[in-house]
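[1] With the input below, show me the fold.
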Amino acid sequence: MFVIELVYKADLADIDAHMSAHVTFLKKYYASGNFLVSGRKIPRDGGIILAVGKSRRQIEAIVEEDPFCVLGLADFRIIEFRASQRADDIQKRIEKA
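    Next up, the predicted model:
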């Protein structure tokens, strides 16, 4: 599993101008099964994506497609980890938050 952290390098007006393309990118990888959860950081200086993939290189290639990456609007940090535990009621916890 991977945590992908986005850190904006551009002002929010530029980010918002390209948000539609970024959402299209997200939807593509939700449909492929790679993305599990995503959202804005608070304060809004970037975002987080929880992803699964066959390798770090696969996730790096996916990130390179993000319009925020292509346009140089954000820096990306990829953290790989082995998921060894999870809450049985994870969906309820996400909905409650």
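
[2] what's the longest helix anywhere in the chain in contact with?
    Longest among the helix segments of the chain by residue count, using DSSP state H, is helix 19-31. The contact list for helix 19-31, computed with Cβ atoms under 8 Å, 6 or more residues apart in numbering, reads 35, 38, 49, 51, 62, 65-68. (C-beta placed from N, C-alpha, C; glycine too.)

[3] In three-state terms, label residue 49 for me.
    strand (DSSP: H, G, I helix; E, B strand; the rest coil).

[4] I should have written residue 14 there, sorry.
    Residue 14 ends up helix, using three-state DSSP.

[5] Can you verify my assumption that it contacts residue 68?
    No: between residue 14 and residue 68 there is no contact under Cβ atoms under 8 Å: 9.6 Å.

[6] about what we covered before: take the contacts of helix 19-31 and write them to a markdown table, including pLDDT.
    A markdown table is the format used below for the contacts of helix 19-31 (pLDDT from 0 to 100):
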| residue | pLDDT |
| --- | --- |
| 35 | 97 |
| 38 | 96 |
| 49 | 98 |
| 51 | 97 |
| 62 | 98 |
| 65 | 98 |
| 66 | 98 |
| 67 | 98 |
| 68 | 98 |
